[in-house]
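# Give me a 3D structure for the following:
(chains A and B)
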Amino acid sequence: MDWHQLWTIISLPDNVPILGLMILMPFYTWYGLRQSLANDRLIEQLEADPDMAKTHHRKTQPYKKGWAKEVHVWPYLLRIEFLAAVIVTAILMVWSIALDAPLEEPANPSLTMNPSKAPWYFLGLQEMLVYFDPWIAGVVMPSLIIVGLIAIPYIDENPLGNGYYTYKQRRFAIWTFVFGYIILWCLMVVIGTLIRGPGWMWFWPGQTWDHNRLIFEVNRDLHEIVGITTQPMIGIFGFLVTSVFVVGAGWFTHKMITFNEFNRKILARMSLLQYLTLQLLMISMLALPAKMIARLLFRIKYVWVTPWFNV
Amino acid sequence: MAEGNGANGSNGAKAKAGAEGAESRTILGVIDADAVKQKALVDLDGVKQPTKTDLYKSVFRVKHDETPRSRTLGVLSNVFLHLHPAKINRDAVAYNYTWGMGGITFYLFCVLTWTGILLMFYYHPTKVQAFRDILYLEHDVPFGKLLRNMHRWGAHAMVLTLWLHMFRVFLTGSYKKPRQFNWAVGVILLVLTLLLSFTGYLLPDDQLGFWAVTVGTNMARATPMLGHEGPFGTQFGMTAFNDVRFALLGGSIVDSNALLRAYIWHCIAIPFFASALMIVHFWRIRKDGGISGPAPMVLEKEIKPVKR
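Residues are numbered from 1 along each chain as shown, chains lettered A, B, ... in the order given. Got it, this is the predicted structure:
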């Protein structure tokens, strides 16, 4: 266990936001889910007791008769905003006094940094380069992430959970987002920061970043394992394997959105276009963990090799 | 009545009543000492209660009283505050619902604009000067190091708070009808924020920024059809000197043109678009019914059939 190496990585000023991420993200996930569960308990009570549903104000927030429903922005909101600004300024000041922004040597095109890393918030994309060719990891996937995020409100036909925390009423949506955001995006940022060392090799926390380390594992393409060697067959085989994945991922997604009575009810509200968009985005998202498993556990580089592109 | 010296009507009336009861005294036989004293008292009233003066009213348009009307006008008639509604759902001011992340993100944007303007005074976007300017900033400019640190850490913090804001909006389902479009605007703002941060990374012109931007823009080579190493790139006639990466860098390598382009994107173009979209984002919050909650819960049996 090389504690010094661990400290070198963690104490790098540019990695401080990652530490913030690793603390804040679990905290706010817990904080949000805690309120969701509290709301879910109230929803159960309201569903069991129609009279209560009529009288109760349907929030877990305290309420007494005669309380005004609204408060003045001046001063009740503005003082909070002012306080928040003061606190943020104070934190930023202390942070800026305590830690200096990194400045390396002058830019030198003939001296490559190893590892040369993108800014931390793009490390998820850089990590994706291990699993996909740059045209997928650097262009197609980011575009799909942006389009997919924008599409969320237009494909989520579940009218419940609008304006309050809930888990029970939005299981599929919450699982999908938490999986895509926390497991895939944030975790890959953390891997890219803490795990990936020189040569973008995998170093466990505490393992020394050895610049001379050699890895003897050979990555193979899937068709080589099967023993196909000539091109038209390689392409067709890859196409078939990819198709099997697409059908499998689509089947899995369909299973999830028809998982229970409520999910089926929401599905019935969706148009065909919404359903197909959802499937496209889900299959694309699931392709990443599938390729990660193939690469990290089975050392498979490409599944589908053609003369024009490789997947 | 003694107006025009910073007092409003009622204070002037008091002053006059006091003046009538006093005997007349003079300074040097010319100036009415009591009148001067009364005038001074009126001014003193203004100092004691600045929010009642004409001067205050001329700036803030309304004088401040402890009345609901005055509190409302204080928000509605102020250009910086008028994006707020006059009143807000009492549960929405609790921290646990909003986490305050959207507001903090905007505040950090303001901090970054301010520190960024100050940094621009000391920075030349040229290969010869850029790196030296950073050294100069760190070692000679008063508080230059603090300025640069605040700009960098503020940018990192902004990315974090933005992600948390998005997470909260998702968990509360706030993107649902009628706020779908505002979520889309928010996603574009997210992209612009990341691009702002990314373009700023190159500006110190050090190894860190140079290689980060090299790694980042190398991906653009692989753009399908538009990059010279991407699928069908060669078929579309792409070379290293006419593809999308060339357009981003203003050249085939990260050099002086790339520095200038990053600078202009970073300091002018992206902040401009981001500001325009922020105006839309905040305006739509109000138009879509203000902050989304905490809203009363809806039960499963109350779902209305979908309308198309």
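
# Chain A: helices as residue ranges?
Ranges of helices within chain A are A:3-10, A:16-48, A:50-55, A:73-76, A:78-98, A:123-131, A:134, A:141-155, A:171-178, A:187-190, A:222-226, A:231-257, A:261-269, A:272-298, based on DSSP state H.

# Any chance of TSV for these, columns distance to B:Gly290?
Where C-beta positions appear, they are placed from N, C-alpha and C, glycine not excepted. Converted to TSV, the helices of chain A look like this (distance: least, C-beta to C-beta, whole Å):
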stretch	distance to B:Gly290
helix A:3-10	42
helix A:16-48	20
helix A:50-55	25
helix A:73-76	10
helix A:78-98	15
helix A:123-131	34
helix A:134	44
helix A:141-155	18
helix A:171-178	23
helix A:187-190	33
helix A:222-226	54
helix A:231-257	32
helix A:261-269	27
helix A:272-298	28
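
# Among those helices, which comes closest to B:Phe170?
With respect to B:Phe170, and counting by C-beta to C-beta, the nearest of the helices of chain A is helix A:171-178 at 5.2 Å.

# outside of the closest one, which residues touch it?
Residues from elsewhere that reach helix A:171-178 (C-beta atoms under 8 Å, 6 or more residues apart in numbering or on different chains): A:29, A:36, A:152, A:156, A:158, A:161, A:167, A:256-257, A:259, A:263, A:266, A:282, A:285, B:170-171, B:173.

# how about it: buried residues?
Across helix A:171-178, burial judged by 16 or more other C-beta atoms under 10 Å in any protein chain shown covers A:171-174, A:176-178.

# Make a ChimeraX selection of whichever of the contacts of helix A:171-178 turn out to be buried.
Here is the ChimeraX command that selects the buried residues among those (16+ other C-beta under 10 Å):
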select /A:29,36,152,156,158,161,167,257,263,266,282,285 /B:170,171,173
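
# Name the residue closest to the centre of the chain, please.
Unless you meant another one, I'm taking chain A. A:Tyr181 (2.2 Å; C-alpha atoms, centre = their mean).

# Hmm, no, I was thinking of chain B.
Centroid-nearest residue in chain B, with C-alpha atoms, centre = their mean: B:Cys110, separated by 3.7 Å.

# Next, the angle helix A:78-98 makes with whichever strand or helix holds that residue.
Using DSSP states H and E, B:Cys110 falls within helix B:101-120. Interaxial angle, helix B:101-120 versus helix A:78-98 (axes from the mean of the first three to the mean of the last three C-alpha atoms, to 10 degrees): 50 degrees.

# Now helix B:101-120: buried residues?
B:101-109, B:111-113, B:115-116, B:118-119.

# go on, stretch A:190-208?
Result for stretch A:190-208 [16+ other C-beta under 10 Å]: buried residues A:190-197, A:199-201, A:203, A:207.

# Would that stretch count as contacting chain B?
No. Stretch A:190-208 is not in contact with chain B by C-beta under 8 Å from any C-beta of the partner chain; minimum separation 10.2 Å.

# Can you give the contact residues for that stretch?
Outside stretch A:190-208, the residues that reach it (C-beta under 8 Å, 6+ apart) are A:1-3, A:5-6, A:9-10, A:15, A:18, A:21-22, A:114-115, A:117, A:120, A:123-124, A:126-127, A:130, A:209-211, A:213, A:215.

# Kindly export that stretch (C-alpha atoms) in CSV.
The C-alpha trace of stretch A:190-208 is given here as CSV (Å, rounded to 0.1, in the frame of the first residue of the first chain):
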residue,chain,number,x,y,z
VAL,A,190,-13.8,9.2,-10.2
ILE,A,191,-12.1,6.3,-12.0
GLY,A,192,-10.6,8.7,-14.5
THR,A,193,-9.2,10.8,-11.6
LEU,A,194,-8.1,8.3,-9.0
ILE,A,195,-7.5,5.0,-10.8
ARG,A,196,-6.1,5.9,-14.2
GLY,A,197,-2.4,6.5,-14.1
PRO,A,198,0.5,6.7,-16.6
GLY,A,199,-0.5,5.2,-20.0
TRP,A,200,-4.1,5.4,-18.8
MET,A,201,-3.5,2.0,-17.1
TRP,A,202,-5.6,0.8,-14.2
PHE,A,203,-3.9,1.4,-10.8
TRP,A,204,-5.8,0.5,-7.7
PRO,A,205,-5.9,3.1,-5.0
GLY,A,206,-2.6,2.9,-3.2
GLN,A,207,-0.8,1.2,-6.0
THR,A,208,2.3,3.1,-7.1
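
# where do the strands sit along chain B?
B:26-27, B:31-32, B:87-89 (DSSP state E).

# Arrange those in a markdown table, one row each, with mean neighbour count as further columns.
Output for those, formatted as a markdown table (neighbours: other C-beta atoms under 10 Å in any protein chain shown):
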| stretch | mean neighbour count |
| --- | --- |
| strand B:26-27 | 10 |
| strand B:31-32 | 13 |
| strand B:87-89 | 20 |
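
# just so I know, which of those lies nearest chain A?
Closest to chain A of the strands of chain B is strand B:87-89 (C-beta to the nearest C-beta; 4.0 Å).

# Residues touching that closest one, excluding its own?
The contact list for strand B:87-89 (C-beta under 8 Å, 6+ apart) reads A:69-73, A:76-77, B:72, B:290-291, B:293-294.

# next one: stretch A:304-311
With contact meaning C-beta under 8 Å, 6+ apart, stretch A:304-311 is reached by A:132-133, A:135-136, A:221-223, A:231, A:234-235, A:238-239, A:241-242, A:302-303, B:224, B:231-232.

# ok, back up a step: just curious, which of the buried residues of helix A:171-178 is nearest to chain B?
Nearest to chain B among these, counting by C-beta to the nearest C-beta, is A:Phe177 at 5.2 Å.

# How about residue 136: what's its closest non-neighbour residue?
Reading this off chain A. Closest residue to A:Ile136 apart from its sequence neighbours, by C-beta to C-beta, 6 or more residues apart in numbering or on different chains: A:Val311 at 7.0 Å.

# wrong one, I was asking about chain B
Residue nearest to B:Tyr136 in three dimensions, not counting chain neighbours: B:Tyr122, with 6.7 Å by C-beta to C-beta, 6+ apart.
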